[in-house]
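S.K.: Based on what follows, work out the 3D shape:
(2 chains)
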Amino acid sequence: MKYQRIRGMQDLLPDEQPYWSHVEATCHDLATRFGFERLEPPLLEATELFVRGVGDATDIVSKEMYSFVDKGEDALTLRPEFTAGVMRAYIENGLSSRPQPQKLYSFGPIFRRERPAKGRYRQFYQLNAEIIGSADALADLEILLIAHSLYREIGFENLVFQINSTGDPECKPRFLDALRAYFEPIADKLAPLDRERLARNPLRVLDTKERETLPFLADAPRFLDYLNDDCRSHFAELTGYLEALSVPYQINHRLVRGLDYYTKTVFELWGEGLGAQAALCGGGRYDGLIEALGGPPTAGVGFATGIERIIMSMRELGIPPRALRKPDVFIAHLGEPAKKAAVQLVADLRGRGIPARIAFGSRSLKAQMKDADRAGCGVALILGDAELAQGVVLARDLARSEQVSVPIAETPAWLAARGA
RNA sequence: GUGCCUAUAGCUCAAUAGGUGGAGCGCCUGACUGUGGCUCAGGAGGUCGUGGGUUCAAGCCCCACUAGGCACCCCA
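M.R.: The predicted structure is shown next:
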């Protein structure tokens, strides 16, 4: 085999399309139902946007971006997430002058140059939703709810959100100080990796998987205990809504998220059967981001979910996709004059919105019938020169193995009556 | 990026102790000269991931590379 897929890239084959169209349609439908409008930023942005918007200390920026210099001039990057591009578009296109808040969603491919594994690809698809311009905890709730509705409508059960708060620029430093004060005296007992984290990014010690460190986490400071009044009441309001709506959630004191821009609410949802790549969706509030990107001070909250991981969980849990509509009608023909008439007929049916296939070549009727069966068609219209001479087709119901003779001109009506 | 495991037909997998590669499913054709599914018969399809090495002889042993998987890192 001479050519092969680029590492971490995948071909989405016809057999997988029922899953994709089901999930994709559910995403668009739900976003619309929740009052979100679509905003699709380009795949390419200035590298600097992601460095500033995502954070140059994050894994995404420091080692996972597909970046290149275009014709020796512009530093460009294939988007490694949606949020920064959406914020840039919001600022650049003056969406802050539209009625606030703006509820925007995006659906498309994302690129991260990580080592591939099951459920982890270098090009993968995300649904992303953002509410820009509201600090209300109700906005956080809507983000949680659209995610929850998506999974519920696809057929997931027993899903529980993990949520936490990571404060704001006023109370976050106090918590970080407390974390250091707790861990530094026992640093020599922590795993080596966690000693590094403590120095570089203390929050990361909280979600460690290192055995040596785990015993010390139970008594570690909790962010919720260090929130200022604003952050605490915001969190309480959100959890109050969740309880009122009976949306299952767990407060997870160890949940911290990698991106620099999060403030207040952070959350994740994990799926089954995905191994170490379990995160189905993640998100949170990012009240300082737009200002950091050169816009006016603007609150924001959003989430992203990975489509491949949803589909993989569906397979794992045996959740069937909605069947795709296949062509209902297959036209078989015998003889050259009949073939010409069949071309007319198939064009007529398609023009009337009836999905139809026509046999290629001039094969035996048997072979054509076999094709009709395997194409999943419900009806075969048989048009031979003999039928053509009488101005009819033989309409065969493939499931019932019954067929009748129908005048060619009445075929669309016959099919319509059958469909109803 | 690190460690470990894997790689044979379109798919899932066999191949005894190094000794010229098979099955099931799928695909094509026919039995049925104008009727699908079921059955039966026949057929096509492989430089054994790629490149090197050891050996009289390599799908099998060794090395490198490529790709996939698992764990780590991190996330969707």
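S.K.: Now do the same contact list for A:Trp187.
M.R.: Slight slip there: residue A:187 is Ala, not Trp. By C-beta atoms under 8 Å, 6 or more residues apart in numbering, the residues touching A:Ala187 are A:Arg195, A:Leu198. (Glycine included, C-beta is placed from N, CA and C.)
S.K.: now A:Arg79
M.R.: Per C-beta under 8 Å, 6+ apart, neighbours of A:Arg79: A:Pro41, A:Pro42, A:Leu43, A:Leu44, A:Glu45, A:Phe50, A:Gly85, A:Ile110, A:Phe111.
S.K.: For PyMOL, what selects the buried ones among these?
M.R.: Burial among these is assessed by 16 or more other C-beta atoms under 10 Å; the matching PyMOL selection reads:
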select buried, chain A and resi 41+43+44+45+50+85+110+111
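S.K.: ok, and the closest non-adjacent residue to the residue of the stretch 101-250 of chain A found nearest RNA strand B?
M.R.: Nearest residue of the stretch 101-250 of chain A to RNA strand B: A:Lys118, at 3.0 Å (C-beta to the nearest atom of the strand). Closest residue to A:Lys118 apart from its sequence neighbours, by C-beta to C-beta, 6 or more residues apart in numbering: A:Gly275 at 6.1 Å.
S.K.: repeat for A:Arg152
M.R.: Leaving out its chain neighbours, the residue that sits closest to A:Arg152 by C-beta to C-beta, 6+ apart is A:Leu159, at 7.6 Å.
S.K.: can you confirm that neighbour is in a strand?
M.R.: No. Remark: A:Leu159 does not belong to a strand; assigned using DSSP: H, G, I helix; E, B strand; the rest coil, it is coil.
S.K.: ok so, going back, quickly name whichever of the contacts of A:Arg79 is closest to RNA strand B.
M.R.: The closest of these to RNA strand B turns out to be A:Ile110 (C-beta to the nearest atom of the strand; 7.3 Å).
S.K.: The residue nearest to A:Arg152: neighbour count?
M.R.: A:Leu159: 19 surrounding residues under other C-beta atoms under 10 Å.
S.K.: In CSV, list the contacts of A:Arg79 along with secondary structure and distance to RNA strand B.
M.R.: Shown next, in CSV, are these (DSSP: H, G, I helix; E, B strand; the rest coil; distance: C-beta to the nearest atom of the strand, whole Å):
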residue, secondary structure, distance to RNA strand B
A:Pro41, coil, 16
A:Pro42, coil, 19
A:Leu43, coil, 16
A:Leu44, strand, 19
A:Glu45, strand, 16
A:Phe50, helix, 13
A:Gly85, helix, 14
A:Ile110, strand, 7
A:Phe111, strand, 9
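S.K.: export the contacts of A:Arg79 to TSV and tack on pLDDT?
M.R.: Listed next are the contacts of A:Arg79 as TSV, based on pLDDT from 0 to 100:
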residue	pLDDT
A:Pro41	97
A:Pro42	97
A:Leu43	97
A:Leu44	97
A:Glu45	97
A:Phe50	96
A:Gly85	97
A:Ile110	96
A:Phe111	97
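S.K.: nearest to A:Arg309, of the contacts of A:Arg79?
M.R.: Nearest to A:Arg309 among those, counting by C-beta to C-beta, is A:Ile110 at 12.2 Å.
S.K.: tell me the pLDDT at the residue nearest to the closest one when sequence neighbours are not counted?
M.R.: Spatial nearest neighbour of A:Ile110, excluding adjacent residues (C-beta to C-beta, 6+ apart): A:Gln126 at 5.1 Å. We have a pLDDT of 97 for A:Gln126.
S.K.: does A:Gln102 really touch A:Asn93, like I thought?
M.R.: No. With contact defined as C-beta atoms under 8 Å, A:Gln102 does not count as touching A:Asn93 (10.4 Å).
S.K.: And the two? Which one has more around it.
M.R.: Neighbour count, other C-beta under 10 Å: between A:Gln102 and A:Asn93, A:Gln102 has more, with 20 against 11.
S.K.: can you tell me how far the closest residue to RNA strand B within the stretch 251-400 of chain A sits from A:Ala57?
M.R.: Of all residues in the stretch 251-400 of chain A, A:Gly258 sits closest to RNA strand B, at 1.1 Å by C-beta to the nearest atom of the strand. Noted for A:Gly258: a distance of 10 Å to A:Ala57, by C-beta to C-beta, to the nearest Å.
S.K.: Check A:Ala278 too.
M.R.: Using C-beta to C-beta, A:Ala278 is found at 24 Å from A:Ala57.
S.K.: Those two: which has the busier surroundings?
M.R.: Higher neighbour count among A:Ala278 and A:Ala57: A:Ala278, with 15 against 11, using other C-beta under 10 Å.
S.K.: Check which helices and strands the helix-or-strand element of chain A with minimal mean pLDDT is in contact with.
M.R.: Here the helix or strand of chain A ranked lowest by mean pLDDT, DSSP states H and E is helix A:192-200, holding a mean of 85. Of the remaining helices and strands, those touching helix A:192-200 by 3 or more C-beta pairs under 8 Å, 6 or more residues apart in numbering; DSSP states H and E are helix A:172-183.
S.K.: Can you list the buried residues in the helix it packs on?
M.R.: Buried, per 16+ other C-beta under 10 Å, within helix A:172-183: A:Lys172, A:Phe175, A:Leu176, A:Ala178, A:Leu179, A:Arg180, A:Tyr182, A:Phe183.
S.K.: Redo those residues as JSON lines? Include distance to A:Leu269 and pLDDT.
M.R.: Listed next are those as JSON lines, based on distance: C-beta to C-beta, whole Å; pLDDT from 0 to 100:
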{"residue": "A:Lys172", "distance to A:Leu269": "24", "pLDDT": "90"}
{"residue": "A:Phe175", "distance to A:Leu269": "24", "pLDDT": "93"}
{"residue": "A:Leu176", "distance to A:Leu269": "26", "pLDDT": "91"}
{"residue": "A:Ala178", "distance to A:Leu269": "28", "pLDDT": "93"}
{"residue": "A:Leu179", "distance to A:Leu269": "25", "pLDDT": "91"}
{"residue": "A:Arg180", "distance to A:Leu269": "30", "pLDDT": "91"}
{"residue": "A:Tyr182", "distance to A:Leu269": "29", "pLDDT": "93"}
{"residue": "A:Phe183", "distance to A:Leu269": "28", "pLDDT": "91"}
